[in-house]
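*Asks:* Give me the fold of what follows.
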Amino acid sequence: MLKNTPDQPPRVINVDKNPAYPPAVEELKAEGALPDECQLRRCKYLNNVVEQDHGFIKRRVNPGLGFFSFRTAQRTILGDEIMNMIRKGQINGVDKGNIQGQVRFVEGLFGVAA
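*Replies:* Presented below is the predicted three-dimensional model:
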């Protein structure tokens, strides 16, 4: 969901070359959720943090030939996302790079050594 504030609407939206983006942005402009002046920049290699954040999931899923059900995909991706958040230091009390703290955190959650 886009977070639009009246005083700071997005000037530019950076995305990859997925063909679903242009129609979605046009629809948001028609609804008034985006200003007409907002530009959509489609560049495969642009340093877009949002687009790059899910790369680790793709590296894990593609060799496994995807998922056989939505439920399996949902549970696997949720677990991967949580572990990635722990690794990136996005958990209170566990800093990025603090491997021992991360191990203690996972141990406390599941009662098993990581």
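*Asks:* Let me see the contact set for Met83.
*Replies:* Under the criterion of C-beta atoms under 8 Å, 6 or more residues apart in numbering, Met83 has no neighbours. Yep, even glycine has a C-beta here, placed from its N, CA and C like the rest.
*Asks:* mind checking the SS state of it?
*Replies:* helix (DSSP: H, G, I helix; E, B strand; the rest coil).
*Asks:* Quickly note the distance from it to Gln90.
*Replies:* Per C-beta to C-beta, to the nearest Å, Met83 is found 11 Å from Gln90.
*Asks:* Please apply the same query to Arg60.
*Replies:* Relative to Gln90, and taking C-beta to C-beta, Arg60 is found at 19 Å.
*Asks:* try Ile77
*Replies:* Counting by C-beta to C-beta - Ile77 and Gln90 are separated by 16 Å.
*Asks:* Looking at these two, which is more packed in?
*Replies:* Between Ile77 and Gln90, counted using other C-beta atoms under 10 Å, Ile77 has the larger neighbour count: 15 against 11.
*Asks:* so what's that one up against?
*Replies:* The contact partners of Ile77, taken as C-beta under 8 Å, 6+ apart, are 57, 61.
*Asks:* got the residue ranges for the helices in the protein?
*Replies:* 21-31, 49-52, 55-61, 70-87, 99-110 (DSSP state H).
*Asks:* what would these look like in a markdown table with mean pLDDT and distance to Asn14?
*Replies:* A markdown table is the format used below for those (pLDDT from 0 to 100; distance: least, C-beta to C-beta, whole Å):
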| stretch | mean pLDDT | distance to Asn14 |
| --- | --- | --- |
| helix 21-31 | 93 | 10 |
| helix 49-52 | 62 | 8 |
| helix 55-61 | 72 | 15 |
| helix 70-87 | 84 | 22 |
| helix 99-110 | 87 | 31 |
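*Asks:* Now render the ones you listed as a markdown table, adding distance to Cys43.
*Replies:* Shown next, in a markdown table, are these (distance: least, C-beta to C-beta, whole Å):
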| stretch | distance to Cys43 |
| --- | --- |
| helix 21-31 | 11 |
| helix 49-52 | 10 |
| helix 55-61 | 16 |
| helix 70-87 | 25 |
| helix 99-110 | 34 |
